[in-house]
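1. Sequence plus the predicted model coming up.
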Amino acid sequence: MLFDQLGLIEPLLKALRTEGYTIPTPIQAEAIPVVLDGRDLLGCAQTGTGKTAAFALPILQRLYNDKRGGKGYKHIRTLVLTPTRELAVQIHESFTAYGKHTGLTQEVVFGGVSQHTQTIALRNGIDILIATPGRLLDLMNQGYIHLDHLEVFVLDEADRMLDMGFIHDVRKIIRELPEEKQTLFFSATMPPAIAQLAGALLKQPVRVEVTPVSSTAETVSQSVYFVNKGDKQSLLEHLIKDKNIKRTLVFARTKHGADRVAKELKKAEIRADAIHGNKTQSARQNALSNFKSGRLKVLVATDIAARGIDVDDLTHVINFDLPNVPETYVHRIGRTGRAGNSGIALSFCDSEERAFLKDINKLIGTKIPAEAHPFEKVWNEEGPAKSASTNSRPKQGFRSRRPV
C-alpha cells in the first residue's frame with residue numbers, strides 16, 4: 001500500500017514526497033482511514049512505529065477540508081498533549097513538514113522557556129496546538145488558552161504521562177474539553193490507570209495495535225556485555241573507537257550519571273554531550289541539534305529526555321545502565337533500526353543488573369547473546385564469578401559470541 005491509496009489530499013501527498021515518504025507504516029495504514037472517518041482511536045504502538053504521522057496527516061486533512069470560516073477563525077481546533085519538551089518539538093516539526101502546503105497554523109508550548117513568544121502566537125490564533133501539561137495548564141489559568149471549540153484531542157504517550165506524574169494534570173485538562181470532539185489516545189503500554197483513563201475518555205473507539213511492547217524490531221541486532229560497574233566507562237570508549245561508531249545514543253539511569261559519562265567521553269576526545277531534565281531548554285535543543293547534524297558522535301540521555309528523539313540513520317543504541325523496567329529496554333532500542341533500516345543495540349550488565357537482564361529476556365522471549373570484550377567479567381551459572389580484568393587494561397583476543 002502507498003500513501004496515495006489512503007485517500008490523502010494532494011497538499012499532504014506533495015509534502016510526503018518532499019520528505020521522501022511513499023509507503024505507510026502499519027499503524028499509519030490502519031489509523032489514517034479511521035481518523036479521516038472521524039472515529040475515536042485507541043492506538044497501542046511502541047516508539048518508532050510512525051504514530052506521529054498516523055494522527056498528524058488525517059488531522060491536517062480534516063482541518064483543511066473544513067476551514068470553519070477560513071482566515072478569521074481564531075479558536076484552537078486541535079490539541080496534542082505530550083509529556084516532554086523534546087517530543088513536543090518533534091511533533092511540531094512533523095505537523096509543520098506535513099502541513100506546509102495547507103496554510104494551517106500550529107504552535108508548540110512547553111515549560112522551561114519564556115512564555116512571551118508563545119502567548120503572542122496564541123493571540124494571533126492557531127489551528128493546532130502541541131503542548132506539555134504543565135505549561136498548558138499555566139496558560140489556561142492565565143486566560144491565554146481556551147479549549148471550548150476544540151474539535152480534535154490527541155493524548156500521546158499516555159503511559160509516560162503516568163510514569164512522570166502528569167496524570168493528575170492530564171485529568172484537569174480533560175475536564176476543560178468540550179463533550180463533542182474526536183479523541184485519539186496513544187500509549188505504548190496499557191497499565192490499569194491508563195486503561196481506565198482511555199475507557200472514560202473514548203467513545204466507541206477503534207483499537208489499532210501494532211507491534212506489542214514485548215517485541216523488538218527484527219532489524220535491530222542485540223548484544224550484552226558483562227562488565228564490572230567500574231569498567232563500564234572504559235568499555236564504552238573502547239567500543240566507540242573499536243567499532244568505529246559514527247553516532248550513538250547512550251542511555252544512563254540518572255541525570256548525574258549522564259553528565260558523568262559525557263564528561264569522561266570528552267576527556268577521551270570523543271565528541272559527546274548529555275541531555276536530561278535538569279538541562280535548560282536551550283542547552284537540550286542545542287545538544288540535540290548538534291547530534292542530529294553529526295557534530296556530536298555521542299548523545300547521553302535519560303529515558304524521559306530521550307522521548308521524542310528521532311534521528312535519521314541512528315545505527316547504535318548503547319545501554320550504559322540497564323533499565324529496571326523491561327518495557328523501557330524495548331523503547332530504548334527502538335530508537336534505532338527504524339523504517340526498515342538495520343540497527344545495533346549494545347547493553348552493559350554489571351552484577352547488580354543481572355535480575356534486570358533476566359526480566360528483559362523474559363519479556364522479549366529470547367536471551368540476548370553475550371559478547372566478549374577486553375574488560376570481560378567471567379560468569380558461571382550462579383552469576384558473577386570473577387573479573388577477567390583487574391586493572392581495566394584491554395586483554396588480547398576475544399572469545400566467541402554465546403547466548404546467556
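-> Noted; the coordinates are in hand.
2. low-confidence ranges in the stretch 251-400 of the chain?
-> For the stretch 251-400 of the chain, applying pLDDT under 70 flags the ranges 281, 304-305, 307-309, 339-340, 377-400.
3. Let me see the ranges of the helices in it.
-> Applying DSSP state H, counting those that start in this stretch to the stretch 251-400 of the chain gives helices spanning 255-267, 281-293, 303-306, 326-333, 354-364.
4. Pretty sure residue 323 is one of the things residue 353 touches, is it not?
-> No: in this structure residue 353 lies outside contact range of residue 323 using CB atoms under 8 Å: 9.2 Å. Backbone N, C-alpha and C define where each C-beta goes, glycine included.
5. For the helices of the stretch 251-400 of the chain, give me CSV that also has mean neighbour count and distance to residue 171.
-> Compiled in CSV, the helices of the stretch 251-400 of the chain are given as follows (neighbours: other CB atoms under 10 Å; distance: least, CB to CB, whole Å):
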stretch, mean neighbour count, distance to residue 171
helix 255-267, 18, 27
helix 281-293, 16, 26
helix 303-306, 21, 20
helix 326-333, 23, 23
helix 354-364, 17, 29
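6. Nearest to residue 225, out of these?
-> Taking CB to CB as the criterion, helix 354-364 is the member of the helices of the stretch 251-400 of the chain that comes nearest to residue 225, at 11.0 Å.
7. how far out from the middle of the chain is the closest one?
-> Computed by CA atoms, centre = their mean, to the nearest Å, the separation of helix 354-364 from the middle of its chain amounts to 22 Å.
8. re the thing from before, can you lay out the helices of the stretch 251-400 of the chain as CSV showing distance to residue 1?
-> Converted to CSV, the helices of the stretch 251-400 of the chain look like this (distance: least, CB to CB, whole Å):
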stretch, distance to residue 1
helix 255-267, 40
helix 281-293, 29
helix 303-306, 31
helix 326-333, 26
helix 354-364, 28
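9. Which of those helices sits closest to residue 122?
-> Residue 122 lies closest to helix 281-293 among the helices of the stretch 251-400 of the chain, at 18.3 Å (CB to CB).
10. which other helices and strands contact that closest one?
-> The helices and strands touching helix 281-293, judged by 3 or more CB pairs under 8 Å, 6 or more residues apart in numbering; DSSP states H and E, are helix 85-98, strand 272-275, strand 298-301.
11. rerun that using 6 Å as the cut-off
-> Secondary structure elements in contact with helix 281-293, counted by 3 or more CB pairs under 6 Å, 6 or more residues apart in numbering; DSSP states H and E, are strand 272-275.
12. Now the strand it packs on: buried residues?
-> Applying a neighbour-count criterion of 16 or more other CB atoms under 10 Å, one finds 272, 273, 274, 275 buried in strand 272-275.
13. Surely residue 45 is in contact with residue 208?
-> No: with contact defined as CB atoms under 6 Å, residue 45 and residue 208 do not form a contacting pair (7.5 Å).
14. quick one, domains of the chain?
-> Per the record, the chain has its domains at 3-210, 220-403, by automatic domain parsing.
15. Quick one: end-to-end length of the longest one, please.
-> In this case it means domain 3-210. The first residue of domain 3-210 is 18 Å away from its last residue (CA to CA, to the nearest Å).
16. So for that domain, mean pLDDT?
-> Predicted confidence along domain 3-210 averages 89 (mean pLDDT).
17. That domain: how far from the chain's middle?
-> Relative to its chain's centre, domain 3-210 lies at 15 Å (CA atoms, centre = their mean).
18. nearest residue to residue 352 other than its sequence neighbours?
-> Taking CB to CB, 6 or more residues apart in numbering as the measure, residue 352 lies nearest to residue 229, with 7.2 Å between them; neighbours along the chain are not counted.
19. Against residue 10, how distant is that neighbour?
-> Applying CB to CB, to the nearest Å, the value for residue 229 to residue 10 is 57 Å.
20. can you map out the helices along the stretch 1-150 of the chain?
-> Per DSSP H, counting those that start in this stretch, the stretch 1-150 of the chain carries helices over the ranges 10-19, 26-36, 51-65, 85-98, 116-124, 133-141.
21. how far off helix 133-141 does the fourth one point, in degrees?
-> Going back to what we said before, that points to helix 85-98. Comparing the axes of helix 85-98 and helix 133-141 via axes from the mean of the first three to the mean of the last three CA atoms, to 10 degrees yields an angle of 70 degrees.
22. Next, the angle helix 281-293 makes with helix 85-98.
-> Taking the same axes, to 10 degrees, one finds helix 85-98 and helix 281-293 inclined to each other by 60 degrees.
23. Just the C-alphas of helix 85-98, formatted as PDB.
-> Once side chains and other backbone atoms are set aside, the C-alpha atoms of helix 85-98 remain, and they are given as PDB (Å, rounded to 0.1, in the frame of the first residue of the first chain):
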ATOM      1  CA  ARG A  85       9.500  19.100  25.600                       C
ATOM      2  CA  GLU A  86      11.600  17.100  23.100                       C
ATOM      3  CA  LEU A  87       8.600  15.100  22.000                       C
ATOM      4  CA  ALA A  88       6.500  18.300  21.700                       C
ATOM      5  CA  VAL A  89       9.100  19.900  19.500                       C
ATOM      6  CA  GLN A  90       9.400  16.700  17.400                       C
ATOM      7  CA  ILE A  91       5.600  16.600  16.800                       C
ATOM      8  CA  HIS A  92       5.500  20.300  16.000                       C
ATOM      9  CA  GLU A  93       8.200  19.700  13.400                       C
ATOM     10  CA  SER A  94       6.200  16.900  11.900                       C
ATOM     11  CA  PHE A  95       3.000  19.000  11.700                       C
ATOM     12  CA  THR A  96       5.000  21.800  10.100                       C
ATOM     13  CA  ALA A  97       6.600  19.500   7.500                       C
ATOM     14  CA  TYR A  98       3.400  17.600   6.600                       C
END
